[in-house]
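>>> Show me the folded form of this:
(one chain, ligands or ions: 3)
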Amino acid sequence: MSREIPGPPLYCDVSLPVPLDQPFTYGMPETLRHRVQAGCRVLAPFGTRTLTGVVIRTHGNESQPSSTTRNILRLLDEDPVLDEELLRLGRWIAEYYCAPLGETFRAMTPLSGEIRRGRVYSLTKSGRDVARELHLGADEQAGGPQSDPVATALRMLDARPLSASYLKQKVANATVVLKSLEKKGLVETEDTTADRDPLRAAAVRLRIEFLGRPQEDTPDTPPKLTKPERELLSYLELHPGSHNVADLEAFVAKSSMAARSLARRRLVKLTVEPMAAAPEPIRAPHQLNPHQQAAYDQILAALHRKQFQTFLLQGVTGSGKTEIYLKAIEAALALGRSALMLVPEIGLTPAVAGQFYQRFPGRVAILHSAFHDTERAQEWRRIRSGEAAVVVATRSGVFAPVGNLGLIIVDEEHDQSYKQQETPRYHGRDVAVMRARNAQAVVVLGSATPSLESRYNAESGKYLRLDLPERIERRPMPKVELIDMRQEFRETRKQGTFSRALIDAVTARLDNGEQSMLLLNRRGFSSFVACRSCGERIECANCSVTLTYHRRDRRMLCHYCNYSERIPERCPKCDSEYIQFLGLGSERVEDELHGAFPKARIARLDRDAVSGKHDYETILSAFRHGEYDILVGTQMIAKGHDIPNVTLVGVVSADVGLSLPDFRAAERTFQLLTQAGGRAGRGETPGIVLIQTINPDHYAIRCAAAQDYQAFYNKEIEFRRTMTYPPFTALASVMVHGRDEEAAISRSAALGRLLQPAPEGVRVLGPAAAAMARIKNEYRYQMLLKAATRKRLNQILVELRRFAAAEKWNPTSLAIDVDPMTLL
Ligand code: ADP
Ligand code: ZN
Ligand code: ZN
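Ligands and ions are numbered 1, 2, ... in the order given. Alright, predicted model coming up:
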């Protein structure tokens, strides 16, 4: 009897980043059959396109795919980028968050940028003006086939920045058109991967080393080097050793760009190196105080048990949570296991990174979403090889290829930036817990102001709570005072920005050489521009939100789509000339401070101040070194910073955000005020916090002033229970959006009808126009689903998606957000 010898697998199933929720089967060319494994990325033909996908399994001839099966084109990884554990995590995310698997895998693999890099075009200010005029005249000729490519490009770019490759598909003669627009100063370009995030924060320095000259006789002749590449290579050859890429700009024009392309061709080596804000003195680890020790002991015991366990480390601001993290990581390493620590987007400063590099020299990798692909790729490889066993990362770092994971820390677990706002809409904290569970690892969620969900999980015994009830060295919590701005007005008859008490407090700090921080969580100069005659508020052309006046740019700006326009001289509605600027923003606070304290040295920290050379870390570090007396800013100043000389925190208005139509408004306000107050008095001198408000009786504000998390939790959890909001329900937002308002309405109505009468175990709210009914020219209709169980919620959502697919809706028009962080 002859037995068939099993040959190599002939086919592979590939998950592609397309909204269709299924893997696709491809054949494998002979040369690849032995090399393709599950978790490797491949290039595959899809329709007329070529896509990068992840292989989820290979198989032989047992299930014969149809004769039209196409072959994969290329294998991109010799070793899987996603191991079994991460593939499993990806499947969980796709299911739980109702996201297509291929798109989930793509979000999990950091190196896709290596394949798809490109330029992004956006409009300059004058470009926006020209585009705006086009919009006005757009109606009669909208999108006609013979419409002018220049106008088309401008209109498209007015909605949002676009990649060169996209524009090339949509605009005739795009290369020429874009070039001429750039010449006229109407558009600007940027490298997609560079400086995407203004908070890139000089957190690292990029070092470069010469490796070799290109070989002339390779089979696929390499493209010729550009002039900057040639010059850079010569310079490096003549100056052996490692150089700081940024410094080379002085010798070779465009050297950063050249450095990256040379690195891709393996002619130079780039290494990421931390850049401490100031050379940090080598510090011995702190001796833990009794509270810290008690918390640490529990974590240590769990690490030894090698079992999954989630801790909620609830420690007031300044209680020394970081030291516990560091000790716990040490313990994990000593047990031969690795550790992953997640920090919020802007929490990963050089000062933070520096502590880790110092404590675990040579073993730390940093992953920040703002890093260049080369940097990320390099760190990613160090992690996978096991060289770096300590990973400090922002949200997507939860997918880092850490082997033998023993410990995951999520610092500031309540922070909103852990939630991804595009498909897959996962929550980094919750994915971390799931990953730890699969890996039998220990999780520590840390915060002074835990999310209601996490604290509830601790109450119900799902998590174990560890408390740090006091500050290090028994430093007092800051003294907090509420200032009722209605009372202030009654007494002074003036609608001032600063109360008398705040002015006095700042004056005293200036006299004593101490520092102050002033928080106003709203960017810009005036939050809206209105007509005094008819009351018209000027709204964005693309969104149903008011424009914010930014004085530095002398323009009104939309914070949702970046649309901007000049201040009108007359009301666009009634033609009156009484244009009024209302609503206070951080830019104006800075301005008024200069007026009130002409001699004070004042800096501002918000998204607008942080760009170009004045970046985040520069401002913060100058403030830390005493170069400024007062730091004004948005929530950016509230987070995590440890600046000992700050003895006053002033909240200019605690009311911003409190009245938003969102069930988390109170929680957010409480967290922001508590965190901001926590910046005061972290050094030897005690601190005070002054909170100006017109809602002094609101519980979020009262509890923050009393620094009483427990009281806030008790009140808020009752509200959530009564209103059936999380954690008492499984919540999802189902948003239909599109440029055509009628279509958006009828589609959301169709979804609504599907759920009528409401299926068992589910409550349906809406559909109705979303609180922001139009964003970026898309109309938004929303439905909220509240389900008794996760399982039920998931079943319903899957049904809705099936319906949308069967109706052939453009898949991006249905946005499902499970566990939404915001309902706006
Ligand atoms: P949190 O993150 O809880 O707000 P930090 O971790 O920033 O607090 O700690 C506050 C300060 O106390 C830091 O300067 C830290 O170096 C210091 N610190 C932490 N633990 C100890 C300790 N056991 N003894 C002395 N100082 C400590
Ligand atoms: Zn008017
Ligand atoms: Zn807008």
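>>> Contacts made by stretch 594-614 with the rest, please.
198-199, 498, 503, 506-507, 510, 523-524, 550, 552, 586-587, 590, 593, 616, 619-620, 622-623, 627-634, 636-637 (C-beta atoms under 8 Å, 6 or more residues apart in numbering). For glycine as for every other residue, the C-beta is placed from the backbone atoms N, C-alpha and C.
>>> Which elements pack onto the helix or strand encompassing residue 351?
For residue 351, the element it lies in under DSSP states H and E is helix 350-359. With contacts taken as 3 or more C-beta pairs under 8 Å, 6 or more residues apart in numbering; DSSP states H and E, helix 350-359 sits against strand 268-274, helix 321-334, strand 364-367, strand 390-393.
>>> With respect to ligand 1, which of the ones you listed lies nearest?
helix 321-334 (3.3 Å; C-beta to the nearest ligand atom).
>>> distance between the closest one and the chain's centre?
Remark: helix 321-334 is offset 26 Å from the chain centroid, using C-alpha atoms, centre = their mean, to the nearest Å.
>>> Of the contacts of stretch 594-614, which belong to helices?
Using DSSP state H, the members of these that fall in helices are 503, 506-507, 510, 586-587, 590, 593, 616, 619-620, 622-623.
>>> Provide the secondary structure category for residue 491.
helix (DSSP: H, G, I helix; E, B strand; the rest coil).
>>> and the helices and strands packed on helix 350-359 as JSON lines, adding mean pLDDT?
Conversion of the helices and strands packed on helix 350-359 to JSON lines gives the following (pLDDT from 0 to 100):
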{"stretch": "strand 268-274", "mean pLDDT": "73"}
{"stretch": "helix 321-334", "mean pLDDT": "96"}
{"stretch": "strand 364-367", "mean pLDDT": "92"}
{"stretch": "strand 390-393", "mean pLDDT": "95"}
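>>> For the stretch 351-500 of the chain, just list every one of the helices.
For the stretch 351-500 of the chain, applying DSSP state H, counting those that start in this stretch gives helices covering 373-384, 428-439, 452-459, 485-492, 500-512.
>>> Any of the contacts of stretch 594-614 buried? List them.
With burial judged by 16 or more other C-beta atoms under 10 Å, the buried subset of the contacts of stretch 594-614 is 198-199, 498, 503, 506, 510, 523-524, 550, 586-587, 590, 593, 616, 619-620, 622-623, 628-634, 636-637.
>>> ok, back up a step: reformat the helices of the stretch 351-500 of the chain as a markdown table; add distance to ligand 3.
Shown next, in a markdown table, are these (distance: least, C-beta to the ion, whole Å):
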| stretch | distance to ligand 3 |
| --- | --- |
| helix 373-384 | 30 |
| helix 428-439 | 27 |
| helix 452-459 | 31 |
| helix 485-492 | 30 |
| helix 500-512 | 33 |
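>>> for ligand 1, what are the nearby residues on the chain?
Neighbours of ligand 1 within the chain, by C-beta under 6 Å from any ligand atom: 286-289, 292, 315, 317-323, 472-473, 642.
>>> Taking these, please make a ChimeraX selection of just the buried ones.
Applied in ChimeraX, the following selects the buried portion of the residues of the chain next to ligand 1 according to 16+ other C-beta under 10 Å:
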select :288,289,292,315,317,318,319,320,321,322,323,472
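>>> Show me the two of the residues of the chain next to ligand 1 that sit farthest apart.
Farthest apart among those by C-beta to C-beta are 287 and 317. That separation is 20.9 Å.
>>> Give the phi and psi angles for the residue in the stretch 301-450 of the chain positioned nearest to ligand 2, as a check.
Nearest to ligand 2, among the residues of the stretch 301-450 of the chain, is residue 421, at 35.2 Å (C-beta to the ion). With angles defined as degrees, to the nearest 10, residue 421 sits at phi -100, psi 10.
>>> That one: neighbouring residues, count only.
Residue 421 is flanked by 12 other residues according to other C-beta atoms under 10 Å.
>>> Partner strands of the lengthiest strand in the chain, with direction?
Ranked by residue count and defined by DSSP state E, the top strand of the chain is strand 762-775. Sheet pairing of strand 762-775 (DSSP bridges) gives strand 778-787 (antiparallel).
>>> Downstream of the strand it pairs with, the next helix or strand is which one?
Downstream of strand 778-787 (by DSSP H and E), the next one is helix 790-806.
>>> hmm, who's touching that following helix?
Residues from elsewhere that reach helix 790-806 (C-beta under 8 Å, 6+ apart): 20-21, 95-96, 98, 730-732, 734, 747, 750-751, 754-755, 759-762, 785, 787, 811, 813-814, 816, 818.
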